[in-house]
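> the sequence and its predicted three-dimensional model are supplied below.
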Amino acid sequence: MFEIKTFNHSADLAQAAARRAAEIISQTIARSGAARIIVATGASHLAFLNALVALPGVEWSKVEMFHLDEYVGLPMSHPASFRKYLLERFIRPTGIRRYHLLDGEGDLTAVCKRAGDELNAGPIQVAFVGIGENGHLAFNDPPADFKTEAPYIVVNLDEACRRQQVGEGWFRDLSEVPRQAITISIRQTLKAEKILCVTPELRKAKAVKACLEGPISPAAPASILRTHPDITVFLDRDSSSLLNARTLAGASKA
């Protein structure tokens, strides 16, 4: 199932995505006693994660969380650190006790191996992802590696991706943005049983069009999501504004 849901307002998108995420987690816990999830970060996921954390009834003590990506060489004290982001905005508010964070200051080979082994110790029920301004999926910038089986890899960040981080306010200028990151690989992301792609905002509209209507190609990394058997894409009026009428006709509107 590949489903697109569109919303007039980003706040409504965030609430709907959060409700669906909580539903998947709770259903998994009811069925299996625990749930394993992958959580994305970034400015466009702030409202979604805030909404998810605020929902009552989720047994977070039975959830195991994995980290999508992290900058190489950036201390956890830096405002742009995704470890800091997750600790402050998700892990501590929910009380999750089982979580795995990527140490971009450590031995990168060892960090990737350890995180990959932990990730592959069991199935992932749901992954939260987004589409970057250059079409990236996690930190897999174009042209992305669609073939590697490694769960986590070290990648070079292209200028468009690095400029996005400045535009979102995480860094003062381009010179401050790290040039490398640890990221979950494309093929590993696709192993999640379900994927929720949360992508609001006008600045994402071109990438959304390329990834949802263009060729499935490493040049538009998130286009690979269209091959997944169970994915829901959450868009707002702005991020969906360049999609053609045929695509929008098949989308659920709220």
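Structure received.
> which residues are in contact with the closest residue in space to E213 that isn't next to it in sequence?
Counting by C-beta to C-beta, 6 or more residues apart in numbering, E213 lies nearest to T247, which is 5.9 Å off, once chain neighbours are set aside. All C-beta spots, glycine's among them, are computed from the backbone N, C-alpha and C. Contacts for T247 (C-beta atoms under 8 Å, 6 or more residues apart in numbering) come out as 4, 212-213.
> quick one: low-confidence residue ranges for the protein.
Along the chain, segments meeting pLDDT under 70 span 253-254.
> so where's the longest helix in it?
In the chain, assigned by DSSP state H, the helix with the most residues is helix 10-32.
> which strands and helices sit next to it?
strand 2-7, strand 35-39, helix 46-54, strand 126-129, strand 194-199, strand 231-236 (3 or more C-beta pairs under 8 Å, 6 or more residues apart in numbering; DSSP states H and E).
> pull out the buried residues from it.
By 16 or more other C-beta atoms under 10 Å, the buried positions in helix 10-32 come out as 10, 12-18, 20-22, 24-26, 28-29.
> list only buried entries from the contacts of T247.
Buried among the contacts of T247 (16+ other C-beta under 10 Å): 4, 212.
> close enough to count as contact, D236 and K204?
No - applying C-beta atoms under 8 Å as the test, D236 and K204 come out as separate, 9.3 Å apart.
> which parts of the helix or strand containing the residue nearest to E213 are buried?
In this structure, T247 is located in helix 245-249 according to DSSP states H and E. Neighbour-count burial for helix 245-249, counted by 16+ other C-beta under 10 Å, picks out T247.
> cool, and stretch 235-248?
So for stretch 235-248, counting by 16+ other C-beta under 10 Å, buried means 235-243, 247.
> ok, so of the residues you listed, who is nearest P221?
S239 (16.6 Å; C-beta to C-beta).
> quick one: contacts for the closest one?
By C-beta under 8 Å, 6+ apart, the neighbours of S239 are 199-202, 204-205, 208.
> quick one on the thing from earlier: restrict the longest helix of the chain to CA atoms and write it as PDB.
Listed next in PDB are the C-alpha coordinates belonging to helix 10-32 (Å, rounded to 0.1, in the frame of the first residue of the first chain):
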ATOM      1  CA  SER A  10       0.900  21.500   8.800                       C
ATOM      2  CA  ALA A  11      -0.500  21.300  12.300                       C
ATOM      3  CA  ASP A  12      -3.300  18.900  11.100                       C
ATOM      4  CA  LEU A  13      -0.700  16.900   9.300                       C
ATOM      5  CA  ALA A  14       1.400  16.500  12.500                       C
ATOM      6  CA  GLN A  15      -1.600  15.400  14.500                       C
ATOM      7  CA  ALA A  16      -2.700  12.900  12.000                       C
ATOM      8  CA  ALA A  17       0.700  11.400  11.500                       C
ATOM      9  CA  ALA A  18       1.200  11.200  15.300                       C
ATOM     10  CA  ARG A  19      -2.100   9.400  15.700                       C
ATOM     11  CA  ARG A  20      -1.100   6.900  13.100                       C
ATOM     12  CA  ALA A  21       2.300   6.400  14.600                       C
ATOM     13  CA  ALA A  22       0.800   5.800  18.000                       C
ATOM     14  CA  GLU A  23      -1.700   3.400  16.600                       C
ATOM     15  CA  ILE A  24       1.000   1.300  14.900                       C
ATOM     16  CA  ILE A  25       3.100   1.200  18.100                       C
ATOM     17  CA  SER A  26       0.200   0.300  20.300                       C
ATOM     18  CA  GLN A  27      -1.100  -2.400  18.000                       C
ATOM     19  CA  THR A  28       2.400  -3.900  17.800                       C
ATOM     20  CA  ILE A  29       2.800  -3.900  21.600                       C
ATOM     21  CA  ALA A  30      -0.700  -5.500  22.000                       C
ATOM     22  CA  ARG A  31       0.300  -8.200  19.500                       C
ATOM     23  CA  SER A  32       4.000  -8.800  20.400                       C
END
